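In: structure, please.
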Amino acid sequence: MRRPFDTLKTIAVEEPKKGFFGGGWRFTLKGSPRFYDDIKQLIEANGKSQVYFGEALAYERGAAVALWRVEATDFSWLPKLYSWWAEMERIEPIEFGFSLYIPPQLKYAALNLREHTPAQVEAFIKANAPQT
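Out: So this is what the prediction gives:
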C-alpha cells in the first residue's frame with residue numbers, strides 16, 4: 001500500500017558546503033526561482049566563486065524567490081550574469097530582477113542589480129561585504 005506522502009515532491013534545498021575558499025566576499029543574491037540552476041552554474045563556472053548555500057524556492061513576504069549565498073573570490077561571472085539576464089528578458093515574456101543582500105542585514109536588499117552596472121555591484125560588494 002502506498003502512503004499519501006510518497007507522491008509529494010520536495011523543494012530543493014542544498015546542503016551548505018563544508019568550507020570557504022578563503023579571501024572571498026560573502027553575500028546573498030535573490031531572484032527568480034525559474035532560473036536557479038542557470039544562475040548557480042554562472043557563478044561557479046570559473047571555479048573561483050561558489051554558492052555555499054542555495055534554495056531553489058523560498059517565500060519572502062508572499063513572493064516566491066530563489067536565493068544564492070555566494071562566496072566570490074573573483075567577479076568575472078558578474079558581467080556574464082548581466083548578459084545572460086538581458087538575453088533571458090529578451091526571449092521570456094516577463095521581466096525579473098536580482099537583489100543583493102549583505103550579511104548580517106538580510107531582511108532588506110542593499111542593491112537592486114537592475115539599477116547598477118556589474119562594476120558598481122562588484123565595488124559595492126568589495127567595500128561592504130564580509131570576507132572569508
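In: can you pull out the helices in this structure?
Out: Here the chain has its helices, by DSSP state H, at 36-44, 77-91, 118-128.
In: quick one: which of those helices is nearest residue 65?
Out: Ranking those by proximity to residue 65 (Cβ to Cβ) places helix 36-44 first, at 9.8 Å. For every residue, glycine as well, the C-beta is placed using N, CA and C.
In: so which bits of that closest one are buried?
Out: 36, 39-40, 42-43 (16 or more other Cβ atoms under 10 Å).
In: over to stretch 56-68?
Out: Quick answer for stretch 56-68 (16+ other Cβ under 10 Å): 56, 65-68.
In: low-confidence regions, this protein specifically.
Out: Across the chain, the ranges flagged by pLDDT under 70 are 1-18.
In: rerun that using 50 as the cut-off
Out: Along the chain, the model assigns pLDDT under 50 to residues 1-11.
In: for it, which segments are assigned as strands?
Out: 25-31, 49-60, 63-72, 99-101, 111-112 (DSSP state E).
In: any idea which of the helices of the chain is most buried?
Out: helix 36-44 (a mean of 17; mean count of other Cβ atoms under 10 Å).
In: mind giving me the packing neighbours of that one?
Out: Packing partners of helix 36-44 (3 or more Cβ pairs under 8 Å, 6 or more residues apart in numbering; DSSP states H and E): strand 49-60, strand 63-72, helix 77-91.
In: relative to residue 102, which of the ones you listed is closest?
Out: Nearest to residue 102 among the helices and strands packed on helix 36-44 is strand 63-72 (11.2 Å), distances taken as Cβ to Cβ.
In: quick check, distance from that closest one to the centre of its chain.
Out: Relative to its chain's centre, strand 63-72 lies at 3 Å (Cα atoms, centre = their mean, to the nearest Å).
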